[in-house]
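**Student:** give me a 3D structure for the following:
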Amino acid sequence: MTNIVLFSGSSHQDLSQRVANWLGLELGKVVTKFSNQETSVEIGESVRGKDVYIIQSGCWEINDNLLELLIMIKACKIASSSRVTTVIPCFSYARQDKKDRSRALITVKLVANMLSVPAGTDHNITMNLHAPQIQGFFDIPVDNLYSEPSVLLWMWENFADWRNCIIVSPDAGGAKRVTSIADRLNVEFALIHKERKKANEVDRMVLVGDVKNRVAILVDDMADTCGTICPLLTSWSRPEPPKLMPSLPWDLLWPAVSRINSAPFEAVVVTNTIPQEDKMSHCSKIQVIDISMILAKVIHKTHNGESVSYLFSHVPL
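**Tutor:** Numbers count the residues shown, from 1 in each chain. Modelled structure (predicted):
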């Protein structure tokens, strides 16, 4: 690959290095902080006429990471790069995708505008958007990849009893995701209807479906506190606890770690779209699926002007 530069923001440098290793590239040099924690970006090499890719995940210090990404994009544009593509495995503010109460702002639309208009990114690559319609908030091309193929491959390789399972969605909004996985595994599915008092606090839950004597695999797109799933698993009356809970791409915050350790299931399977090493050191149940190869492949195909549709439903081998 020629005429390409790969940069990493400070949010998830391990993932960026893994992507660079797959591509056979060195990460570009960037300086991003003053001693007073003010974000300052200095591009340490020429990007004139280059195809630039910036990897920055929306996690931990989200606002700092978002501002850093915007400054990096603008710095590359001002330095005469031919094209800037942002690679955001975990997209910031994706949960604020609708006006669900009076005077609420669709914040993810604002973030999309900031990336494409004042900053000037030409193309965005992300993974498992909380709502697919977020792609419509952009006026630039967006490739929304899915971790579902990687999760299925992991199950086939690591879970011998996957044929005797039922796929469960923690809410009605995830029904489409769950039915897609259940169809590919040729197994049944169930879903949980939950009523919330406020964010991360569930008032009532009702299970729709029969999980008796089954291995339950709960699939969610984010599990920041596990405040819904862990109490539900504890309350289920069944001879065998659930084996797995794949939580596809998103955060596992510290409240989730203590709940996972005490919950009656075998493992929590997440992707490394955000750093998980610190959580893994405190919770042996957390297992990680590496998606760096998928990101490397989409960067390779995009740079060479090739179709990426194969990656929406298959794992590159």
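
**Student:** do a quick rundown of the helices in the stretch 201-317 of the chain.
**Tutor:** All helices of the stretch 201-317 of the chain, identified by DSSP state H, counting those that start in this stretch, fall at 229-235, 254-262, 277-280, 292-303.

**Student:** can I get the ones you listed in TSV including mean neighbour count?
**Tutor:** For the C-beta atoms, the positions are set from N, CA and C on the backbone; glycine is no exception. Compiled in TSV, these are given as follows (neighbours: other CB atoms under 10 Å):
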stretch	mean neighbour count
helix 229-235	18
helix 254-262	16
helix 277-280	14
helix 292-303	21
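
**Student:** now the ones you listed as TSV including mean pLDDT?
**Tutor:** Shown next, in TSV, are the helices of the stretch 201-317 of the chain (pLDDT from 0 to 100):
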stretch	mean pLDDT
helix 229-235	61
helix 254-262	71
helix 277-280	80
helix 292-303	95
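
**Student:** for residue 18, which of the ones you listed is the nearest?
**Tutor:** helix 292-303 (3.6 Å; CB to CB).

**Student:** save the helices of the stretch 201-317 of the chain as a markdown table, and put in distance to residue 316 too.
**Tutor:** Formatted as a markdown table, these follow (distance: least, CB to CB, whole Å):
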| stretch | distance to residue 316 |
| --- | --- |
| helix 229-235 | 30 |
| helix 254-262 | 30 |
| helix 277-280 | 24 |
| helix 292-303 | 4 |
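
**Student:** so which of these is nearest residue 42?
**Tutor:** Here helix 292-303 is closest among the helices of the stretch 201-317 of the chain (CB to CB), at 23.3 Å.

**Student:** any idea whether residue 5 is helix, strand or coil?
**Tutor:** strand (DSSP: H, G, I helix; E, B strand; the rest coil).

**Student:** quick check: which of the helices of the stretch 201-317 of the chain is nearest to residue 149?
**Tutor:** Closest among these, once you apply CB to CB, is helix 292-303, at 8.2 Å.

**Student:** out of the helices of the stretch 201-317 of the chain, which is closest to residue 66?
**Tutor:** That would be helix 292-303 among those, by CB to CB, at 18.9 Å.

**Student:** least confident secondary structure element in this structure?
**Tutor:** Within the chain, no helix or strand scores below strand 244-247, which has a mean of 48 by mean pLDDT, DSSP states H and E.

**Student:** domains in this protein, by residue range?
**Tutor:** 4-146+292-308, 148-289 (automatic domain parsing).

**Student:** rank those by pLDDT, which is bottom?
**Tutor:** Mean pLDDT per stretch puts domain 148-289 lowest among the domains of the chain, at a mean of 74.

**Student:** and it, end to end?
**Tutor:** Across its full length, domain 148-289 reaches 11 Å end to end, with CA to CA, to the nearest Å as the criterion.

**Student:** before I go, just wanted to say thanks for your time.
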